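Asks: my questions are about this predicted structure, shown below with the sequence.
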Amino acid sequence: MTVTYRTAITADAAALATIGADTFIATFGHLYDPADLAIFLKSHSVEAWAKELNDRAFEVRVAELGGRLVGYAKLGPPHLPFEPRGEAAELRQLYVIEEVKGQGVARALIDWVIERARDRRADHLYLSVFTDNHRARRFYEKLGFEAEGTYAFMVGNHADEDIVMRLKL
């Protein structure tokens, strides 16, 4: 089967909520107290997704395999606690399920994000990545992203150190 890509629509909100929560739990869930994790996962609610999917400030690209979502990337305005340079856009999330990792899905999604950021006339693309997510950090570094600094990424009441990275477009 071939992975296909398309722009997300409002009807995708439930599937996006599920893949976002499931992927976060699978990757990082063991690090957190269940109460903190539950607070954080509210950001992956169907309602939150529906709101963003209907907001022109955001664009979401989905990857599908056999009619099932297997990944997505969300592009939006900067919201990280930093002073962006010039015109900026932010990769808000890039999630790919485990079974398709290493098959080029993340690369196809990030290529789309970079292209759309340029189309939006952004000079810089920002993202944040968990300090201990070495696989993701290597992926972004190979694309030319550079570390700008760190900040406290909150999962409920638990603070993790995330790295803010920037790509000059």
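Replies: Great, that's in hand.
Asks: can you classify the nearest residue to A122 once chain neighbours are set aside by secondary structure?
Replies: Spatially, and ignoring its direct neighbours in sequence, A122 is nearest to A89 (4.0 Å; CB to CB, 6 or more residues apart in numbering). Quick note: C-beta positions are derived from backbone N, CA and C, even for glycine. Put simply, A89 is strand when judged by DSSP: H, G, I helix; E, B strand; the rest coil.
Asks: how close does A89 get to V113?
Replies: Distance of A89 to V113, computed by CB to CB, to the nearest Å: 8 Å.
Asks: any idea how far A63 is from A50?
Replies: A50 is 20 Å from A63, by CB to CB.
Asks: can you name the residues that contact L53?
Replies: Residues near L53 by CB atoms under 8 Å, 6 or more residues apart in numbering: 8-10, 12-13, 16, 60.
Asks: oh, I was asking about V100
Replies: 3, 63, 65, 70-71.
Asks: what do you get for K168?
Replies: Here K168 is in contact with 123-124, 144 (criterion: CB under 8 Å, 6+ apart).
Asks: tell me the one of those nearest P81?
Replies: Nearest to P81 among those is H124, at 15.8 Å by CB to CB.
Asks: how much space between that closest one and A117?
Replies: Distance of H124 to A117, computed by CB to CB: 8 Å.
Asks: likewise L143?
Replies: 12 Å.
Asks: what do you get for A21?
Replies: Counting by CB to CB, the gap from A21 to A117 is 26 Å.
Asks: of the two, which one has the most company?
Replies: It is A117, of A21 and A117, that has more neighbours when counted by other CB atoms under 10 Å, with 23 against 19.
Asks: ok so, going back, contact partners for the residue nearest to A122?
Replies: 75-78, 116-117, 120, 122, 124-126.
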